[in-house]
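**Q** What follows is a protein structure lacking sequence information:
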C-alpha cells in the first residue's frame, strides 16, 4: 500500500524516526483541501509513540478537510543544513501517514491536550496546566492521527 523508499541507504530506522518525532516542535500536516487542492499547514504536535496529537479551532479549512477525508500525512524536518559549495543540503526528515479523527470524548481530549502541554511547558505545575487547559477548553478541538506508515530519510552524505 505504501511505497518503499528507493534509496534504501538513506532510510532511517523506526527508532530514529521516533526520536525525530519526539524532539521536533513543528511539522507540516498535509490534507486534501477544497476543490482537490492539497492543504498543508504548519502544526505544533506531540507524539506518544504510536499517535500524533494536534490542537485546532473547532471549525475552519483544516476541520472541513478532515471531515471530508481523514487520510493525511505529517512531515517533520529534523535537519536542513545548506552546503553551498556542494550545491546540496544535508537533511534528515520523517513523514507519517495515517488517518485523523476529531476527539469527541472529554477524557480523550483532556489526555491528548495534557500530553501537548507537557511537551511544550514541561516545568509547569499540574495546577496551572489544568487552569490553562480549562480556560481554552470550550473553543479547542483535539485531533489524533493514528500512524499507518512511518518513514524517514537522511542525505546520503550523512550516511557515510
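**A** Arrived safely. Since the structure is predicted, the reported quantities are computational estimates derived from the model, not experimental observations. Numbering: from 1, shown residues only.
**Q** Quickly run through the sheet partners of the helix or strand containing residue 72, with directions.
**A** Following DSSP states H and E, the helix or strand that holds residue 72 is strand 71-83. Neighbouring strands of strand 71-83 in its sheet, by DSSP bridges, are strand 27-32 (antiparallel), strand 88-102 (antiparallel).
**Q** Save those strands as TSV, and put in distance to residue 116 too.
**A** Every residue, glycine included, has its C-beta placed from N, CA and C. Shown next, in TSV, are the strands paired with strand 71-83 (distance: least, C-beta to C-beta, whole Å):
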stretch	distance to residue 116
strand 27-32	13
strand 88-102	15
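**Q** Excluding covalently adjacent residues, which one is nearest to residue 64?
**A** residue 34 (7.6 Å; C-beta to C-beta, 6 or more residues apart in numbering).
**Q** The one you found: what's it in contact with?
**A** Counting by C-beta atoms under 8 Å, 6 or more residues apart in numbering, residue 34 makes contact with 61, 64-65.
**Q** What's the per-residue pLDDT of it here?
**A** Here the pLDDT value assigned to residue 34 is 95.
**Q** returning to what we had before: in the strand holding residue 72, which residues are buried?
**A** 72-74, 76, 78 (16 or more other C-beta atoms under 10 Å).
**Q** about what we covered before: from the contacts of residue 34, which land in helices?
**A** Using DSSP state H, the subset of those located in helices is 61, 64-65.
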